[in-house]
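Trainee: Coordinates only, no sequence provided:
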């Protein structure tokens, strides 16, 4: 039996007032943080996976490891694109297992030689409901292009 706790916060900071003359969205800075922990006995497949589109972009799901506790934080700057009524964005993200991966049964992070933490940076554009992004991971500098639906935050 175990309990899994997560908490997150996202703050959108409008950097400039909306213009009555144009229909473009204003530039926005997005700050995001999320953390979690597991209390009790859990199997390795119930641990938090680090990396992937909903954790740290630029990595595949679980590429950074599995953890009992984690912390991730991100900054994203969204700027309007003239003529398209949308925005382009640049982002930086970081996540860490807070040293808790060794307490996951079987220690899959060490077994599969995962880093346990990492950072990524990238750019993208929002086209309707679609996000086209390019991100590089901070551990090996591998670049990844991908298309996602919906908002990250």
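Mentor: In hand now; what should we look at? Just so it is clear, the model here is predicted, and its values are computed rather than measured.
Trainee: and residue 24, helix, strand or coil?
Mentor: Following DSSP: H, G, I helix; E, B strand; the rest coil, the label given to residue 24 is coil.
Trainee: So it versus residue 82, what's the distance?
Mentor: Residue 24 sits 7 Å away from residue 82, going by Cβ to Cβ, to the nearest Å. Every residue, glycine included, has its C-beta placed from N, CA and C.
Trainee: more crowded one of the two?
Mentor: Between residue 24 and residue 82, counted using other Cβ atoms under 10 Å, residue 24 has the larger neighbour count: 17 against 7.
Trainee: Do I have it right that that one meets residue 88?
Mentor: No - the pair residue 24 and residue 88 does not pass the contact test of Cβ atoms under 8 Å, sitting 11.6 Å apart.
Trainee: so what sits against both of those two?
Mentor: Common contact partners of residue 24 and residue 88 (Cβ atoms under 8 Å, 6 or more residues apart in numbering): residue 81.
Trainee: In this structure, which residue sits furthest out from the middle?
Mentor: For the chain, the largest distance from the centre (Cα atoms, centre = their mean) belongs to residue 21, which lies 34.3 Å off.
Trainee: Please, which helix or strand holds that residue?
Mentor: Using DSSP states H and E, no element contains residue 21; it sits outside every helix and strand.
Trainee: now swap in residue 92 and tell me
Mentor: For residue 92, the host element (DSSP H and E) is strand 86-96.
Trainee: who's in contact with the helix or strand following that strand?
Mentor: Proceeding N to C from strand 86-96, the next assigned helix or strand is helix 108-111, under DSSP H and E. With Cβ under 8 Å, 6+ apart as the contact definition, helix 108-111 has outside contacts at 44, 47, 65, 66, 67, 97, 101, 102, 114, 116.
Trainee: how does it look with 6 Å?
Mentor: Contacts with helix 108-111, where a contact means Cβ atoms under 6 Å, 6 or more residues apart in numbering, come from 44, 65, 66, 101, 116.
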